[in-house]
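Novice: Provided below are the primary sequence and the corresponding predicted coordinates.
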Amino acid sequence: MRCYQPEVDAVPRPSNVQIIVAIGKFLKNLKKFREAVPENENFPEIQETYLEENVLELFSKPCPQVFTDISQLYLQQDASFMPFTEWSFDVLAHSEEELNRHICTAISTLGIKAKFRIPADKLDNFLNKLQKGYEKHPYHNWYHAVSVFQQMYAILRKTQASAHLECHDLLSMVIASLGHDVGHSGKTNNFECKSFSDLSLRYNDVSILEHHHASLTSRYLMEENSNILVNLSGAKFREVRKLVICHILNTDISKHNELLQNVALVSQETQLGEAQQRELIGSFIIHCCDIGAQTMAPETAEKWASRVKEEFSEQVKDEERLELAITPHMANLQDPVTWAQVQRGFISFIVQPAWEALEAMFPECHICIEQLQSNMEKYIDVINRDQD
């Protein structure tokens, strides 16, 4: 796979005023830092790192207008990319090769490819390793990873979310969204626990699959030919990796209520540091996209629902074979009413509260809420017809 390489691959240059202001801030902060460590023999190295991580950050920090400008430059050269930016995009209707090309273009439009000087060959290799790391399960496969990435990208593109995030936040979200289910077993954490799987023993029954996904993603980043963070300083590398791990661990459905409570704190502007808020926003957007299939168009939502049903049914077969307790919400899903009740419960108690909280922060997401309600009505109709 080769990434699409448009002619324009850089963040628009800042104005002279922005450069002067940035340099002024840099010199002021550097003076304070120098006074704090007057005897530091490594100061020239520290100075260079500080310049790279602060002045360049000021020069190229994405904002809605810059994001729009960059995106338009790419869209002029690759018209097929336009649908990928929309809420209605259906990844299941496209080939993996086409999707991978769109991923590369999306990463470039975010400004992070140029900002962090990500080599095209390493990005190719990283995406290839992630893609091959996903098994061919009905639901938890590469298409699901791309779907989460695409919906996240649509949120960043169509809302003010990116205005609340730094460049490295966006980079960590890109990596986490694509790697959040790599190596998935097609089973739940509960199944891994009660079957005493190798993964459950390795991760001591705590967010088993999420720890596995985070570990694999980190390994790919550490391998020389797929290290897309190769041009980051050691400190920035560790910061991005820490965020990636955080985002992936927060996709554990057991963290759902905690995430909602923390998002409520942000909405109330209570005591959360700026870095904590950015971390939370990134994790919450990815979590919403991970559970967001029913916010999509009816045909797309139905495709994903069928895949979930198939994967759940496969787990039940394994539970029966191993003489394990059957997971209640996975039993008898071939019955339309049972399946409708499972879907209504998941939407009502998990998906809807999360997306309503996301809409409260970013009102442009209302179109997803409307679609979610429409899709739930379909399941409610099935239940009501059975009761009549």
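Specialist: Looks like it arrived, so ask away. Numbering: from 1, shown residues only.
Novice: For the rest of this, base every contact and every neighbour count on C-alpha atoms.
Specialist: OK.
Novice: residue ranges with poor pLDDT in the stretch 51-200 of the chain?
Specialist: 51-78 (pLDDT under 70).
Novice: the longest helix in the protein is where?
Specialist: helix 298-321 (DSSP state H).
Novice: Flag every buried residue along that helix.
Specialist: The neighbour-count check on helix 298-321 (16 or more other Cα atoms under 10 Å) flags 298, 300-301, 304-305, 308-316, 319 as buried.
Novice: and the angle for whichever helix or strand comes after that helix with helix 298-321?
Specialist: Using DSSP states H and E, the helix or strand that follows helix 298-321 towards the C-terminus is helix 336-346. Per axes from the mean of the first three to the mean of the last three Cα atoms, to 10 degrees, the angle that helix 336-346 makes with helix 298-321 is 100 degrees.
Novice: Report all helices and strands that helix 336-346 contacts.
Specialist: Helices and strands touching helix 336-346, as assessed by 3 or more Cα pairs under 8 Å, 6 or more residues apart in numbering; DSSP states H and E, comprise helix 366-387.
Novice: Residues in contact with the helix it packs on: which ones?
Specialist: Helix 366-387 has contacts (Cα atoms under 8 Å, 6 or more residues apart in numbering) with 87, 294-298, 301, 336-337, 340-341, 343-344, 347, 352, 355-356, 359.
Novice: One more: stretch 121-134?
Specialist: With Cα under 8 Å, 6+ apart as the test, stretch 121-134 has contacts from 1-3, 100, 140-142, 178-179, 181-184, 217, 220-221, 225-228.
Novice: can you give me the helices in the stretch 101-250 of the chain?
Specialist: Taking DSSP state H, counting those that start in this stretch, the helices of the stretch 101-250 of the chain run over residues 112-115, 120-133, 142-158, 167-179, 189-194, 198-202, 208-222, 234-249.
Novice: Next, the angle helix 234-249 makes with the fourth one.
Specialist: Angular relation of helix 167-179 and helix 234-249 on a 0 to 180 degree scale: 40 degrees, by the same axes, to 10 degrees.
Novice: what's helix 167-179 in contact with?
Specialist: Residues from elsewhere that reach helix 167-179, judged by Cα under 8 Å, 6+ apart: 57, 61-62, 107, 110-112, 115, 130, 145-146, 148-149, 152, 162, 213-214, 217, 240-241, 243-245, 247-248, 278-279, 282-283, 286.
Novice: 6 Å - rerun?
Specialist: 61, 145, 149, 217, 240, 243-244, 248 (Cα atoms under 6 Å, 6 or more residues apart in numbering).
Novice: How far off centre is that helix?
Specialist: 6 Å (Cα atoms, centre = their mean, to the nearest Å).
Novice: Kindly report the same for the last one.
Specialist: For helix 234-249, the distance from its own C-alpha centre to the chain's C-alpha centre is 13 Å (Cα atoms, centre = their mean).
Novice: can you dump the C-alpha coordinates of that helix into PDB?
Specialist: Output of helix 234-249 as PDB, limited to C-alpha atoms (Å, rounded to 0.1, in the frame of the first residue of the first chain):
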ATOM      1  CA  GLY A 234      11.900  11.500  23.400                       C
ATOM      2  CA  ALA A 235       9.700  13.500  25.700                       C
ATOM      3  CA  LYS A 236       7.100  14.200  23.100                       C
ATOM      4  CA  PHE A 237       7.200  10.500  22.000                       C
ATOM      5  CA  ARG A 238       6.400   9.400  25.500                       C
ATOM      6  CA  GLU A 239       3.600  12.000  25.800                       C
ATOM      7  CA  VAL A 240       1.900  10.800  22.600                       C
ATOM      8  CA  ARG A 241       2.300   7.200  23.500                       C
ATOM      9  CA  LYS A 242       0.800   7.800  27.000                       C
ATOM     10  CA  LEU A 243      -2.200   9.500  25.400                       C
ATOM     11  CA  VAL A 244      -2.600   6.600  22.900                       C
ATOM     12  CA  ILE A 245      -2.700   4.100  25.700                       C
ATOM     13  CA  CYS A 246      -5.100   6.300  27.700                       C
ATOM     14  CA  HIS A 247      -7.500   6.600  24.700                       C
ATOM     15  CA  ILE A 248      -7.400   2.900  24.000                       C
ATOM     16  CA  LEU A 249      -8.000   1.800  27.600                       C
END
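Novice: contacts for that helix?
Specialist: Contacts for helix 234-249 (Cα under 6 Å, 6+ apart): 172, 176, 180, 210, 214, 283.
Novice: 8 Å - rerun?
Specialist: Against helix 234-249 from outside (Cα under 8 Å, 6+ apart): 53, 168-169, 171-173, 175-177, 179-180, 207, 210-211, 213-214, 218, 229, 279, 282-283, 286.
Novice: Can you mark which positions in whichever helix or strand comes after it are buried?
Specialist: Sequence order places helix 256-267 as the next helix or strand after helix 234-249, per DSSP H and E. By neighbour count on 16+ other Cα under 10 Å, the buried set for helix 256-267 is 256, 259-260, 262-263, 266.
Novice: Can you add distance to Ile367 and give these back as TSV?
Specialist: What follows is the buried residues of helix 256-267, written out as TSV (distance: Cα to Cα, whole Å):
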residue	distance to Ile367
His256	22
Leu259	22
Leu260	20
Asn262	24
Val263	20
Val266	23
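Novice: Tell me which of those residues has the lowest pLDDT.
Specialist: Minimum pLDDT for those is recorded at Val266 (80).
Novice: sorry, back to before: okay if I get the helices of the stretch 101-250 of the chain as CSV plus distance to Glu364 and mean neighbour count?
Specialist: Shown next, in CSV, are the helices of the stretch 101-250 of the chain (distance: least, Cα to Cα, whole Å; neighbours: other Cα atoms under 10 Å):
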stretch, distance to Glu364, mean neighbour count
helix 112-115, 24, 21
helix 120-133, 30, 19
helix 142-158, 7, 23
helix 167-179, 19, 25
helix 189-194, 33, 18
helix 198-202, 40, 15
helix 208-222, 29, 21
helix 234-249, 23, 19
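Novice: hmm, back to that, give the other helices and strands that the longest helix of the chain contacts.
Specialist: helix 366-387.
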